[in-house]
Structures are given as C-alpha cells and as structure tokens.
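Engineer: here you go, sequence then predicted model.
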Amino acid sequence: MDEREATDRSVWAEFTVGMRGRWQQRRAMLRLLPRGGPAVVGTAVALQVVAGLLPIGFVLATAEVIAGVPAAVAGGVDSEAWRELRDHLITAAALFFAIQLLLPVQAFLGELLRRRIDGGIRDRLMADSFRGTGIAVLEDPELLDQAADGLTMLRMGHWSPGAACAGFIALLSRYLQTVAAAAVISFAYAWQAGLAVLVAGLTIRFGYRVGLSVFGRIYRRHQRVRRRRFYFRDLLLTSGPAKEIRIFGLLDWVGSRYAEAFMQGALPVWRQRRRIFYGPYVLYTLTAFVLLSAALAGAARATATGVLTIGAFMIVMQAALTSIRIGAFIAESDVQTEYGMNAETALRRFGELTTAAADGERGGEPVPPDAPVREIRFEQVTFRYTPDSPPVLDGLDLTIPAGASLAIVGLNGAGKTTLVKLLARLYEPESGRITADGVDIRTFDGAAWQRRVAAIFQDFVHFELPVRDNVGFGAAGDHDDAAVEDALRRAGALDFVTALPAGLDTPLSRQYEDGADLSGGQWQRIAIARALMAVHGGARVLVLDEPTAALDARAEVAFFDRFLDLTRGVTSLVISHRFSTVRRADRIAVLESGRVVESGTHADLLTLGGRYAELFTLQAARFTGSHPSPDPLDQPAPTGPTDPPGALTVPTDPPDAPTASAAPPGAPTAPRAPATSAAPPGALTAPSAPATSAAPPGVPAASAVPPGIPAASAGPAQHSAGPSDRPAGLSDELPEEAVADA
Ligand SMILES: Nc1ncnc2c1ncn2[C@@H]1O[C@H](COP(=O)(O)OP(=O)(O)OP(=O)(O)O)[C@@H](O)[C@H]1O
C-alpha cells in the first residue's frame, strides 16, 4: 500500500485498517514480557500499582489539608483541629516524597526490563536466524529494510521492543490513576460525574493514540528511504569510504544526499501531521472539555448549595485533574510503545524470513570422510540471483577432478565467483545439481559441507581482531599457535607478522591503540594463511578467488612455486585474471555466457587457439608490445636489469610439455632456454638463441623478454624449427612481472 493511498484515506479509516496489526503487536508484546524475568516483571508491575495509587492518596490528603485549614486556624496551635491538619500535611508530604522516590526506581526497572527483553531478542536473532548456510536471504531487499529499521532500534534501545514492553508496564500506573480518580469522584460526589471525568480523559487519550498509530504506520512505510539515509550517514562517519569521499571531494555531496533522504522520509510524515493530529485532537479535546466542564460545574453548584463540603469539592477538583492527565503525552511510554512495536514487527518479520530460509536448508546427511575423493561435478547447473534477472550460470557442466588444481578464467561478470558460491552452498542452483563423488551436495548437511570447502573470496573479511583469529578462523577458531604460525609461514606472512608490535596478538586495525594495519598484499597473505589453516582443519576443497591479485610479482611466483606443495591432496580451484597464475593449474576452464566454453591444460588451450588463447594473447600483448597501444601511457614499463635475479622468471611450457604446476613438487626445473622475440621494433627482446614453439596455425612464436632477464622452463624446452603460427605475443616466455601486473 503506497503513501498516496494512505493520505487519501481518512485518519479513522487508516486507523481501522491497522487495527488488526496493532492487536497482534500488543499480543506479541505480552508474549515478550516474561523474558524480563518473573522478579523484574513482578516488581515492576507491583511498583506501577503503587505508583498509580499514591497520587490518589496525595489528592485525598491535600484535600483534607485544605478542608482542615479553617478549623485549625480557628482552634489555634494546640487544638485538635490543628494536630489533624498537621497529620494530614505530613501524610501529603510523605506521599509526595514516595511518588518522587518511586520515579527513579520505576525508571531503573523499566531499563532492566528493556535490556533483558532486547538481549533475548538479540540472542534469538543470532541463534535462529543466522544458522542457515545460504546467504541469498541476507540480500533480500525486504529483509534489508526490516533489518535496517529493527536492528537500528534494537541498537539504539530507545524505541526497541524491550522499550515498548517497559512502556506498556508504565501505562499501568497511568490507567490505574485515572480509574481510581474517577472512582474517588464517584464516592465523593456522584457516579455520573466520575464517569464523565473518566470518559473525558480516555477520549483525549484515544484521540492521541489514534494519531500516533497512524503516524507510526506512515513512518513504517518509509523503511527503504531510511535505509538509504543510514547508508549516506555511514559513508560520512565510517573509515572505509573516508579516503575516496575526501579525495573526490564528496563530503558535501554525501551530506546533501543524506539531508535529501532525511527529508524524503520525514516530509510525508510531517505533511500528515496536521491532518492526523491537530484536527482530530481538537475534536476529542472539545468533547472532553464539555464532559469535564459539566462534571466540575455540577460539583461547584453542589458545593455552593451546601450539598458538597469544600473538602469534597477539593477532592473532586484534584481527582478530575489527575484523571484527565491520561490524555497528555506520556513520556515514558507513548513513543516507545509505538515505534518499539514497529521494531518488534520488523524484527519478527526479519526472523521469519531468515528462519524460513534456514529451515529450507535444515537436515542432510553427513559428508563422507575425505570427500571428494574422485571429483566434483556441476551438471547442467542454472542459477540466477533474482527470478527476473538473466541466468548467471546457464546449464553449466564442469568436472573438477579431486586432488588436482583447476583454474577458472573468464571476463568480468562471467560468473566465476558465482560458481564458487554455489559450490560452497551459499546459494542453491535453480536447476541442475552439483555432486561430490556422485552425491548431490544438497543432500549433505549444509554446515558440514561448508567446513569441507575453504574459500577465500576477493572481498575476504578483514577482521578487526588479532592475527591469531584472522588466521585461526579458517579452522573454525582453532587457535593452536603452532598451526597458525605454520600457515603464516607457508603463506609467506610469518616474517611481517613477527615484526608486528604484539606478533600474533596484534589486532589488525589501526582503530585499536596497539593495532596495526596491513597493505593489500599483506592482507592477502593473511587470507591465504586462513585458507591453509582451513585445510589444516579438514577442508578438502580449497578455493582461491583472485588469490594473488594484490601480491607483488615476486610473491606471486613464490606462492605458486609452493602452491602444489601447499595443497597436496586437496582439490583446489583458482580464479584469476593473471595468466601467470592460471597457467600453473592442472586444468583450466573458460567460462562464458554462463557455461564452460573451453577446458584443458594451458598448452591444450593455447593450441586450440580459442577464447583462452585470445585472452592470453591480449594480456601478453600489453607486455610484449605486439599490439602497441597508441597511448604511450599504455605501454608496459620495461623491467630493469636491477630487478632481483630469479624474480621475473617464468616457466616455459610448450604445448606438449608438462605445465609448471603439473611438475612434481620439488622436481628440478630444466634450465630455461633463451627466447627470442618477434616483437615490433623497439620492443625489448631477450638475447640469444631463438625460441620457437608449437603453436596454432597462423600464430608466430613471439615473446618479448626484457634484457638481462633469463627465461626459464619448468620442463624440457621443446622448440620446433621453422615459422610458428602462434599469435603474436602468445608466448610462454612472458616475464612473470609483466603477466602478473596485467
Ligand atoms: N549478490 C548478487 N546479487 C545479484 N547479482 C549478482 C550478485 N553477485 C554477482 N551478481 C551478478 O552476477 C554476475 C556474475 O558475477 P560474478 O561475481 O560471479 O562474476 P565474476 O566472473 O566472478 O566477475 P569478476 O571477474 O569481475 O570477479 C554479474 O553480472 C553480477 O552483477
């Protein structure tokens, strides 16, 4: 229902439309109350009863004081009337102080109640709602709206469900006071006057609550705008975006977007205010005024005619004023209950959505030990993120042999990461299936399967926690220092971690006093260590999504030189745009249009001369200068002879030779044959003997190797004489740095 519809409806119609929901909310509040604990709830209720009755006692005592003054004055200081007056005065003062003393105790109990109830809700949300293995539900816009509102209220605490419960209890004393005051009027004067005063107070109260409820309903409809506002606020106030916001001078822009979003959410509510509050409020107040005036006028006349004593009149007057106070804004209850109930509704919906998603995934068979031992297969897998978006994977078939490495390449947005998310059961395929040794992974217990898959995504989490946790989380919090250090050492991170102020205990964030921040490459090594830790903890499938994108060329070479060692016996999947990384995998799959369009070894795919060869050529050309860019800035930087020896070597793997990654770990590498280049004039060429390679027809063997850089081969260099038909630049002789930096 949109806002226009709501504004077209009368306040009363809008109120009645929301009536059912409000009763549900109130029932939900009552169900929440016991979470405050019987002692706290019981004491709070008892105090509210006392707090409701004390003002009536005060009214009676002060009336007695006023009524007793003439007799006391006439009787003098030692008279009985004087002593009575004194006693009434002391009683009134004691009641007054009791009321004042009760206020902070009531506030304290209300706060305790709020904390307990909100704490319970928070625990329930964490325990129930986030136990699912999938993440699709967490990207659902409706859920995000509910979460933004509900969680914000829960975090702030002012308008949370707990605050609403405390607000409801606080109403007890107010209503008790109102009814008791009306009863006093009935006894002191006439039941008709008591009833009139009661109805007057409740009428104003009702009018106000109707307005507040309608106001709350309109407010709730602007969840999405508020979420946008929170986003702009966080852009301004959090450190992540701070760099770019400043560098691009976006402070004002974001500030004005924030103000705009604020107004977008607030204006419709404000515009409704007059209609919702002022009109009806005048009507209800006039009605109450007439009723109250009639009751008080009657009492005044009765007093004037001697039917009512002056003391009784004072009681009626004060009781009427006490009773009518129910119609005023109740600071400890009104806003809290209205918005707190909205927060409860939002959080309940949030819980329902996440629980439903988790329930759909529940159960499942245990994952067989050591699975996968043969292979993982994607069989005709189709997947789309939302029902109306095009498929990202479209009938995809792929076999990942167990214990070997598979690289996945493809253009940006081809679906590489999506494929991994499906493998890790963060999402489920729309059709088709993924099997491990022939068993659909959907039949496995989701959490158990996820323990089997160690995935480090491009946007891996930078936990603002000590190094030990950042790595240990790979093995579900295994914090065995020896294992953590071993993983760090193998990821090439131990040296810089040891140099940190508190070693493994150093929090990885500058936002903590003794914390340290790391460079992108250092963080990536921490992530790799986390993945290795996961393998240590029993993961059998290792997924590295762009694992070396932030590593320098030397670190990348070092990492992949040890990669097979590091992942021996583990099924590994590597996604990378760096061909120096990709080529080392046992097999490579090329993803395009939601399917695997080519697969094979690096050599096979070069020979095929298809998509992979084309991508490889494109990347190579940037560095060989085979396709010089008209823009001088686009030219590759020559690598100087000062570079450390060995840092830029790349294994040569002619099409019919084993790839570097396929070489047995520790096997000696054959000396690299010097390469020549068919590069354009001016391109850097390696000295010495010509290197040729078996290449697809029409492809000249070419490679540019900067001077002074020895070319090496992981296998025996095999060269065919004669002209090569490999595309220009499509050479295995690329300097590692050049490929790595592409
Ligand atoms: N959470 C998501 N919700 C909706 N669409 C998504 C989501 N994640 C990815 N997509 C879309 O799915 C498509 C494939 O994305 P994916 O991240 O799998 O590509 P990729 O091949 O890994 O790309 P890259 O090489 O840039 O990392 C893209 O069009 C992207 O917009």
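Structural biologist: Looks like it arrived, so ask away. Predicted model only: the values in this text are computed from it and were never measured.
Engineer: report the contact partners of the spatially most central residue of the chain.
Structural biologist: When CA atoms, centre = their mean is applied to the chain, the residue found nearest the centroid is L138 (7.8 Å). By CB atoms under 8 Å, 6 or more residues apart in numbering, the contact set of L138 is L144, T354. All C-beta atoms are positioned from the backbone trio N, CA, C, and that covers glycine.
Engineer: looking at this, it is in a helix?
Structural biologist: Yes - counting by DSSP: H, G, I helix; E, B strand; the rest coil, L138 is found in a helix.
Engineer: could you point out where the stretch 301-450 of the chain is predicted with low confidence?
Structural biologist: Within the stretch 301-450 of the chain, the segments meeting pLDDT under 70 span 359-363.
Engineer: what's the single longest helix in the protein?
Structural biologist: When the chain is parsed with DSSP state H, its longest helix is helix 80-124.
Engineer: what helices or strands is that one leaning on?
Structural biologist: helix 19-32, helix 38-75, helix 141-156, helix 161-188, helix 334-361 (3 or more CB pairs under 8 Å, 6 or more residues apart in numbering; DSSP states H and E).
Engineer: which of the residues in the fourth one are buried?
Structural biologist: So the one you mean is helix 161-188. 161-174, 176-186, 188 (16 or more other CB atoms under 10 Å).
Engineer: now do it, average pLDDT.
Structural biologist: In this model, helix 161-188 has a mean pLDDT of 92.
Engineer: how far does stretch 479-490 sit from the chain's center?
Structural biologist: Stretch 479-490 sits 30 Å away from the centroid of its parent chain (CA atoms, centre = their mean, to the nearest Å).
Engineer: what does it rub up against?
Structural biologist: The contact list for stretch 479-490 (CB under 8 Å, 6+ apart) reads 467-469, 471-472, 474-475, 478, 494, 497, 504, 525-526, 529-530, 532-533, 536, 562, 566.
Engineer: pull out the buried positions in that stretch.
Structural biologist: Going by 16+ other CB under 10 Å, stretch 479-490 has these buried residues: A483, V484, E485, D486, A487, L488, R490.
Engineer: now that stretch: mean pLDDT?
Structural biologist: 88.
Engineer: do stretch 82-94 as well
Structural biologist: Stretch 82-94 carries an average pLDDT of 93.
Engineer: kindly report the same for stretch 121-140.
Structural biologist: Mean predicted lDDT for stretch 121-140 stands at 75.
Engineer: how long is it end to end?
Structural biologist: End-to-end distance for stretch 121-140, by CA to CA, to the nearest Å: 21 Å.
Engineer: what are the structural domain limits within this protein?
Structural biologist: 23-359, 375-600, 630-742 (automatic domain parsing).
Engineer: so which of the ones you listed comes closest to F15?
Structural biologist: Closest approach to F15 among these is made by domain 23-359 (4.8 Å; CB to CB).
Engineer: separation between N412 and L508?
Structural biologist: To L508, N412 is 29 Å away according to CB to CB, to the nearest Å.
Engineer: ditto for M533
Structural biologist: Look at M533 and L508: by CB to CB, they are 15 Å apart.
Engineer: and what of T498?
Structural biologist: Between T498 and L508 the distance is 14 Å, computed by CB to CB.
Engineer: now swap in G403 and tell me
Structural biologist: G403 is 33 Å from L508, by CB to CB.
Engineer: who's more crowded, these two?
Structural biologist: Legend: neighbour count by other CB atoms under 10 Å for G403 and L508, higher for L508 (22 against 16).
Engineer: look up how far A527 lies from the more buried one.
Structural biologist: 11 Å.
Engineer: which bits of the protein sit near the ligand?
Structural biologist: Contact residues, the chain versus the ligand (CB under 6 Å from any ligand atom): E139, Y385, V392, G410, N412, G413, A414, G415, K416, T417, T418.
Engineer: how about the second one, secondary structure?
Structural biologist: Here Y385 is recorded as coil under three-state DSSP.
Engineer: count the neighbours of it for me.
Structural biologist: Neighbour count of Y385, defined by other CB under 10 Å: 15.
Engineer: what are the ranges of the helices in the stretch 501-650 of the chain?
Structural biologist: For the stretch 501-650 of the chain, applying DSSP state H, counting those that start in this stretch gives helices covering 520-536, 553-561, 563-566, 579-582, 602-608, 611-624.
Engineer: wait, which of the ones you listed is closest to Q458?
Structural biologist: helix 520-536 (9.8 Å).
Engineer: and the closest one, how far from the chain's centre?
Structural biologist: Its chain's C-alpha centre and that of helix 520-536 lie 23 Å apart, by CA atoms, centre = their mean.
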